[in-house]
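Asker: compute the structure for the input listed below.
(3 chains)
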Amino acid sequence: MVTMTEQKAIRGELLTLEAMSTVEISNILQEAAHFASGKEWRPNKELFIANLFFEPSTRTRYSFEVAEKTLGLHVLSFSEESSSVQKGESLLDTVKTFEAIGANALVIRHPENDYYEHIRQQVQIPIINAGDGNGHHPTQSLLDLLTIQQEFSSFSGLNVIIAGDLRHSRVARSNADVLTRLGAKVKIAGPKEWMAGYDEAYQYVNLDDELPKADVIMLLRIQHERHDGKMEWSKESYHQQFGLTIERENRMKSNAIILHPAPVNRGVELANELVECGRSRIFKQMKNGVAVRKAVVRRALDQY
Amino acid sequence: MVTMTEQKAIRGELLTLEAMSTVEISNILQEAAHFASGKEWRPNKELFIANLFFEPSTRTRYSFEVAEKTLGLHVLSFSEESSSVQKGESLLDTVKTFEAIGANALVIRHPENDYYEHIRQQVQIPIINAGDGNGHHPTQSLLDLLTIQQEFSSFSGLNVIIAGDLRHSRVARSNADVLTRLGAKVKIAGPKEWMAGYDEAYQYVNLDDELPKADVIMLLRIQHERHDGKMEWSKESYHQQFGLTIERENRMKSNAIILHPAPVNRGVELANELVECGRSRIFKQMKNGVAVRKAVVRRALDQY
Amino acid sequence: MVTMTEQKAIRGELLTLEAMSTVEISNILQEAAHFASGKEWRPNKELFIANLFFEPSTRTRYSFEVAEKTLGLHVLSFSEESSSVQKGESLLDTVKTFEAIGANALVIRHPENDYYEHIRQQVQIPIINAGDGNGHHPTQSLLDLLTIQQEFSSFSGLNVIIAGDLRHSRVARSNADVLTRLGAKVKIAGPKEWMAGYDEAYQYVNLDDELPKADVIMLLRIQHERHDGKMEWSKESYHQQFGLTIERENRMKSNAIILHPAPVNRGVELANELVECGRSRIFKQMKNGVAVRKAVVRRALDQY
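Answerer: Numbers count the residues shown, from 1 in each chain, chains lettered A, B, ... in the order given. Coordinates of the predicted model:
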């Protein structure tokens, strides 16, 4: 199979941030910031967008839907359960069906890594990746970036710790890569065995030592559903060893912030009391998710 | 946990009718009657409402959706099956997510009694209760009231019998309480063991004796799904002992009406032939459900 | 039970093509052709349409939805999984509920043959049949006809082969019947045991002999889900004996076309390479499906 970089890009598609220049990422963030400040935009004609979700999702699915409906689009909302996927229809045929019946863009969440590689050149309409396996989740990364940018204006020199279940995360890699390209200093923390693939490129640190120097801590959700039910720590012992406890939070810099993609395992990745504490940006992230998705959807539809 | 009455009300919320004055109930009924007569209303700006259904529903779900769309709202339609609830996300986090991404009000159906108690003070947007466990179902009660009011103008002195599976019903208690407050005389009928919690407050009667004097019979659906599959009567013997048979219907007053929240177990709670008989208001109730929900949704959104 | 022909038709309903005159079919096709060429139409007032799907569907469901939303309708999208059907509610009661809450027309897909017979006289709103068991699928037939008409202008004298799993198909019978009435010469091909009920009325042919003379080959999807998992051929041997192989395609007339209702079992009913070959109209069919459904929905709503 040819790799993505060998293929020409479909106009307006968004598959991974790795494939994008920092200029392009900054442009999307700027547009998203405008939407966050109340910017409105509507296409000149009636357009359809299809949200194809092959995995459960609340935040991503509905924030796309809010963004799309606010932009005046017709939304087709597809779930695997009630579709012809039950009759064995392939992703490619599903995608081509939506193109044939008039979708102008597709938002796809799929459990398979890089699912887009074998479909993106088969359709003429842009695909927005809403999460692939434990691969990428570019709109989540963009909303994390927007939230940081709103706080610190620039990424240059920021100390960012990404902590927790990196191995099963679909945002850790993108975030680490993009933040580094944008000038931040990224370190990683959490159970050593969950750092595989990261510990050569990023400094592995102990939270107790490094958290007091950090500007941003990005906590990752423990993806219980990808651990086959096995985890060697109890929730309490994970929290004490690797989580953001109240004690650790107390030692953070005064203007440092907490990010978490949610849903939060309360009392595990962070103390229940911290979910809405003064430095938590967890709900701000969700709000920013709508602005980012407006920018990304507009970018996909600008060609019409 | 503080009880609801100790907490301040969120503007526009609707959790139970018990917590409402008869003046406020009458106001909603008046507004609903206007909507039933063709009144139109649209908010001044684009608003989002999220329907969060954690249990199957046809009537309630889609009559809310018809009401909302007629009012020009953007509707987010959430079902548990394809959401992050599958990843263990709590109701509170689901609700806060929808607030964060821009929902202006929430309609919630949930299997747990009083589910709203621990979430209502955690969000700033109004919650409309679309049914909690076997607790309350205020919009169903309101549509029952509207249907009675359309028929008799006043509740004062009306003889109402509530008959059937009171114990598992989420409307029996509200209806009995509110009708009494509004001046009606409420009696109860059905299997004695399904009257627990009601028989001290309301007169338990035999249908054969009392039905001929009633103005309204409110039949309740047997909630088979809450009986653990065990019921001591066959359908036929239940119908003969406690149901609205054709013989019993023949002895009703000429202008007396039949209500049932549906779905009907045909041939059990009432004879199949009576579902659409001259005195049945069962489909009128459904139609009124849309008008009531328009009034309730408008009330929730008036603050915007 | 009275048969359909004994009952009066509900204005605007579409249950089977068998019940329609060729004049009426031609009128719908003409209207659909106008929609395919960009015609626009909107009703004079706000109308609701409910799509009730009791079986999985992608193409039919979403092409109805695209058609309906383009026509400016409010769409209620119902799936069995999250409805009161789970509490044992009957199709009739579901249908009457949607009528009561304001649906102006119903689109129904149901696994039971002729499901509409016992409900169509119980509601005042038109039903559009989106597929019943292995009975009928009139909008699929209409889009097949539109696709043929676009290609050849007239049906008169066209050689059409319907090939494959006729026994389990919900379009084979309608298509064979209507094409014959419109003047085409219909022949059938495929495993002999799948021809039951067809082989008296239509000539059973060998693809190798007849395909070179055909103008249209309509391939049918093998309905694996209706074969109880048993099929006596491997995919490869079915393809070689009864499928459209590249060798067979090479011998087709230069302007002959390939139809398939999709989803395609690639490499079985036809070679993977032929799905998008020059004479394939498979994606054109899907596109035409939207135009046909606009015409059918408009026809159902013209009374309002």
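Asker: do the lengthiest helix in chain A and chain B come into contact?
Answerer: If you go by DSSP state H, chain A has its longest helix at helix A:282-301. Yes. Applying C-beta under 8 Å from any C-beta of the partner chain, one finds helix A:282-301 touching chain B at A:283, A:286, A:287, A:289, A:290. The way it works is simple: take the backbone N, C-alpha and C, and place the C-beta from them, glycine included.
Asker: doesn't residue A:286 make contact with residue A:262?
Answerer: Yes. Residue A:262 lies in contact with residue A:286 (C-beta atoms under 8 Å); the separation is 6.9 Å.
Asker: still on that earlier bit, for the longest helix of chain A, C-alpha coordinates in PDB please.
Answerer: Output in PDB follows, covering the C-alpha atoms of helix A:282-301 (Å, rounded to 0.1, in the frame of the first residue of the first chain):
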ATOM      1  CA  ILE A 282     -11.500  20.300  31.300                       C
ATOM      2  CA  PHE A 283     -14.900  21.900  30.500                       C
ATOM      3  CA  LYS A 284     -13.200  24.700  28.700                       C
ATOM      4  CA  GLN A 285     -11.700  22.100  26.400                       C
ATOM      5  CA  MET A 286     -15.100  20.700  25.600                       C
ATOM      6  CA  LYS A 287     -16.400  24.200  24.800                       C
ATOM      7  CA  ASN A 288     -13.300  24.800  22.600                       C
ATOM      8  CA  GLY A 289     -14.000  21.500  20.900                       C
ATOM      9  CA  VAL A 290     -17.000  23.100  19.200                       C
ATOM     10  CA  ALA A 291     -15.000  26.100  18.000                       C
ATOM     11  CA  VAL A 292     -12.200  23.800  16.700                       C
ATOM     12  CA  ARG A 293     -14.700  21.700  14.900                       C
ATOM     13  CA  LYS A 294     -16.400  24.700  13.300                       C
ATOM     14  CA  ALA A 295     -13.000  25.700  11.900                       C
ATOM     15  CA  VAL A 296     -12.200  22.200  10.700                       C
ATOM     16  CA  VAL A 297     -15.600  21.700   9.100                       C
ATOM     17  CA  ARG A 298     -15.500  25.100   7.400                       C
ATOM     18  CA  ARG A 299     -12.100  24.300   6.100                       C
ATOM     19  CA  ALA A 300     -13.500  21.100   4.600                       C
ATOM     20  CA  LEU A 301     -16.400  22.800   3.000                       C
END
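Asker: buried stuff in that helix?
Answerer: A:282-301 (16 or more other C-beta atoms under 10 Å in any protein chain shown).
Asker: now, which of those lie close to chain C?
Answerer: Within those, nothing lies near chain C by C-beta under 8 Å from any C-beta.
Asker: which SS state does the residue nearest in space to the middle of chain A fall under?
Answerer: By C-alpha atoms, centre = their mean, chain A has its centre lying nearest to residue A:140, at 2.0 Å. The three-state label given to residue A:140 by DSSP: H, G, I helix; E, B strand; the rest coil is helix.
Asker: who's in contact with it?
Answerer: By C-beta atoms under 8 Å, 6 or more residues apart in numbering or on different chains, the contact set of residue A:140 is A:60, A:131, A:170, A:171, A:261, A:289.
Asker: 6 Å instead, please
Answerer: Contact analysis of residue A:140 by C-beta atoms under 6 Å, 6 or more residues apart in numbering or on different chains lists A:171, A:261.
Asker: that one and chain B, how far apart?
Answerer: Separation of residue A:140 from chain B (C-beta to the nearest C-beta, to the nearest Å) stands at 13 Å.
Asker: now residue A:15: closest residue in space, sequence neighbours ignored.
Answerer: For residue A:15, ignoring the flanking residues on the chain, the nearest one in space by C-beta to C-beta, 6 or more residues apart in numbering or on different chains is residue A:129 at 4.8 Å.
Asker: that's a strand at that neighbour, yeah?
Answerer: Yes. Residue A:129 forms part of a strand when assessed by three-state DSSP.
Asker: restricting to C-alpha, output stretch A:155-163 in PDB.
Answerer: Extracted in PDB, the C-alpha atoms of stretch A:155-163 (Å, rounded to 0.1, in the frame of the first residue of the first chain):
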ATOM      1  CA  PHE A 155       3.800  27.600  22.900                       C
ATOM      2  CA  SER A 156       7.400  28.600  22.900                       C
ATOM      3  CA  GLY A 157       9.300  27.300  26.000                       C
ATOM      4  CA  LEU A 158       6.200  26.000  27.800                       C
ATOM      5  CA  ASN A 159       6.800  23.000  30.000                       C
ATOM      6  CA  VAL A 160       4.200  20.400  29.300                       C
ATOM      7  CA  ILE A 161       3.800  17.000  30.900                       C
ATOM      8  CA  ILE A 162       1.800  14.300  29.300                       C
ATOM      9  CA  ALA A 163       0.800  11.800  32.000                       C
END
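Asker: burial count for the closest residue to residue A:243 other than its chain neighbours?
Answerer: Of all residues not flanking residue A:243 in the chain, residue A:269 sits nearest, at 5.5 Å (C-beta to C-beta, 6+ apart). For residue A:269, the neighbour count with other C-beta atoms under 10 Å in any protein chain shown is 25.
Asker: point me to the residue of the stretch 201-304 of chain A nearest chain C.
Answerer: Closest approach between the stretch 201-304 of chain A and chain C, counting by C-beta to the nearest C-beta: residue A:304, at 14.9 Å.
Asker: so how far is residue A:73 from that residue?
Answerer: Per C-beta to C-beta, to the nearest Å, residue A:304 is found 11 Å from residue A:73.
Asker: who has more neighbours, those two?
Answerer: Legend: neighbour count by other C-beta under 10 Å for residue A:304 and residue A:73, higher for residue A:73 (20 against 13).
Asker: one step back: what is in contact with residue A:304 and residue A:73 at once?
Answerer: Residues touching both residue A:304 and residue A:73 (C-beta under 6 Å, 6+ apart) are residue A:47.
Asker: picking up where we left off before, quick one, phi psi at the residue nearest to residue A:243?
Answerer: Note on residue A:269: backbone dihedrals following degrees, to the nearest 10 are phi -70, psi -40.
Asker: could you do residue A:74 as well?
Answerer: The phi/psi pair for residue A:74 (degrees, to the nearest 10) is phi -80, psi 130.
Asker: tell me what it is bridged to.
Answerer: Legend: beta-bridge partners of residue A:74 under DSSP bridges are residue A:48.
Asker: near it, how many other residues are there?
Answerer: 20.
Asker: ok, it touching residue C:69?
Answerer: Yes. Applying C-beta atoms under 6 Å, one finds residue A:74 in contact with residue C:69, separated by 4.7 Å.
Asker: mean confidence (pLDDT) on the helix or strand where residue A:107 lies, please.
Answerer: According to DSSP states H and E, residue A:107 maps onto strand A:105-110. The pLDDT scores in strand A:105-110 average 97.
Asker: who does that strand pair up with?
Answerer: strand A:48-53 (parallel), strand A:127-132 (parallel).
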